[in-house]
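pasting the sequence and the predicted model now:
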Amino acid sequence: MIAELTRRYRFSAAHRLHNEALGEEENARLYGKCNNPYGHGHNYVLDVTVRGQIDEGTGMVMDLGLLDRIVNEQVLERFDHTHLNLDVAEFARLVPTTENLCLEIHHLLRERLAREASRATLRRIRLAETNSNFFEYEGEGASGGERRTKGDGS
Amino acid sequence: MIYVTRRGEFSASHYYHNPALSAEENQRLFGKCNNPHGHGHNYTVEVTVGGEVDGRTGMVMDEKELKRVLEEAVLQSFDHKFLNMEVPVFRTLIPTTENIAVEVWKRLGPRLATGRLQRVRVYETPELYVDYFGE
């Protein structure tokens, strides 16, 4: 039998939405107050969903301790209490919208899960920026995790 | 297709142990969940049924009926119980959130019209849930 397990994690980070390829007016029009040069922050809520056979010996889809370790190492330690634009190399040029953050987290988790979680696979990432908006990414087809070109401003 | 979800809650205790494995292996696999005295959670169950909107009633199914089935088939037998000891299926099956979701499906499926049940979601805590789609 196949089930999907979802675990919730939290991290807090600062960011600024700004595309260097665009002028100041265009950035201000596109991103509004998110374009504030000093940055601003959010408490992000990350739901990670894995899918797999329920193991008969353990009754589980995957070892939760292993999932926690992978998410901690790949995501929380990398992003928590950072300024995404300034402290995370990936976002030095790529605009750290929550969409792009979703794609990056999917990429960071998919490979490690594939390598270390023998049966379970990454099904979905859901990332809430505030209580009022969230973003979901399930990967693209079998390859999954297509990432956007740096600095495309989307 | 329209989906309707009904939520219910139960509080229960459980522990994880596989008698086919050694004490050390159980401890390694299940950690603090292996404490034989059990520990408890406030579970939330979400049952989703799907169907077309009935032209006469404007509803997918009678909500009262869904509530009654959920209470009779699941909540009454799980609430304020030690799952390993008091729910027969969990004397041999480890009452993980995954297995609880499958058991809820087995209990509800036959009591609803064919094809009605779409998803069973069981929250063990607000931070952890399992979805089962009957696969």
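Okay, I see it.

interface residues of chain B facing chain A?
Contacts of chain B with chain A, taken as Cβ under 8 Å from any Cβ of the partner chain, map to B:16, B:18, B:20-21, B:29-31, B:93-99, B:101-102, B:126-133, B:135. For glycine as for every other residue, the C-beta is placed from the backbone atoms N, C-alpha and C.

so which of the residues you listed are in helices?
Mapping these onto helices (DSSP state H) picks out B:29-30, B:97-99, B:101-102.

quick one: which of those residues is most hemmed in?
Using other Cβ atoms under 10 Å in any protein chain shown as the neighbour test, those are led by B:Glu98, with 27 neighbours.

and that residue, what is it in contact with?
A:3, A:5, A:54, A:59-61, B:130, B:132 (Cβ atoms under 8 Å, 6 or more residues apart in numbering or on different chains).

output the residues you listed in CSV; the columns should cover neighbour count, distance to A:Thr97 and pLDDT.
Formatted as CSV, those follow (neighbours: other Cβ atoms under 10 Å in any protein chain shown; distance: Cβ to Cβ, whole Å; pLDDT from 0 to 100):
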residue, neighbour count, distance to A:Thr97, pLDDT
A:Ala3, 26, 32, 98
A:Leu5, 26, 27, 98
A:Ile54, 21, 36, 97
A:Gly59, 20, 39, 96
A:Met60, 23, 34, 96
A:Val61, 27, 31, 96
B:Val130, 24, 30, 98
B:Tyr132, 25, 33, 98
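
from these, which is closest to B:Arg68?
The nearest member of the contacts of B:Glu98 to B:Arg68, counting by Cβ to Cβ, is B:Tyr132 at 21.5 Å.

ok, then the element right after the helix or strand encompassing A:Arg78?
Taking DSSP states H and E as the definition, A:Arg78 sits inside helix A:77-79. Counting by DSSP H and E, the next helix or strand C-terminal to helix A:77-79 is strand A:82-83.

which residues are contacting that following strand?
With contact meaning Cβ under 8 Å, 6+ apart, strand A:82-83 is reached by A:13-15, A:39, A:88.

just those residues now: which is nearest chain B?
Chain B lies nearest to A:Ala13 out of those, by Cβ to the nearest Cβ, at 19.3 Å.

run a quick neighbour tally on that closest one.
22.

next, the buried residues of the longest helix anywhere in chain A.
Scanning chain A for the helix with the most residues, using DSSP H, yields helix A:98-116. Buried residues in helix A:98-116, defined by neighbour count with 16 or more other Cβ atoms under 10 Å in any protein chain shown: A:98, A:100-110, A:112-113.

got it, and stretch A:8-16?
Buried residues in stretch A:8-16, counted by 16+ other Cβ under 10 Å: A:9, A:11, A:13-16.

output those residues in a markdown table, with secondary structure, distance to chain B and pLDDT appended to each entry.
What follows is these, written out as a markdown table (DSSP: H, G, I helix; E, B strand; the rest coil; distance: Cβ to the nearest Cβ, whole Å; pLDDT from 0 to 100):
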| residue | secondary structure | distance to chain B | pLDDT |
| --- | --- | --- | --- |
| A:Tyr9 | strand | 8 | 98 |
| A:Phe11 | strand | 14 | 96 |
| A:Ala13 | strand | 19 | 95 |
| A:Ala14 | strand | 24 | 96 |
| A:His15 | strand | 24 | 95 |
| A:Arg16 | coil | 29 | 95 |
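
flag every residue of chain A that's near chain B.
Chain A comes close to chain B at residues A:1-8, A:49, A:54, A:57-61, A:63-65, as judged by Cβ under 8 Å from any Cβ.

still on that earlier bit, list just the nearest of the contacts of B:Glu98 to B:Glu52.
For the contacts of B:Glu98, the nearest to B:Glu52 is B:Tyr132 (23.5 Å; Cβ to Cβ).

follow-up on the earlier one: okay if I get the contacts of B:Glu98 as CSV plus secondary structure and distance to B:Val120?
Formatted as CSV, the contacts of B:Glu98 follow (DSSP: H, G, I helix; E, B strand; the rest coil; distance: Cβ to Cβ, whole Å):
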residue, secondary structure, distance to B:Val120
A:Ala3, strand, 9
A:Leu5, strand, 13
A:Ile54, coil, 13
A:Gly59, coil, 16
A:Met60, coil, 17
A:Val61, coil, 14
B:Val130, strand, 8
B:Tyr132, strand, 5
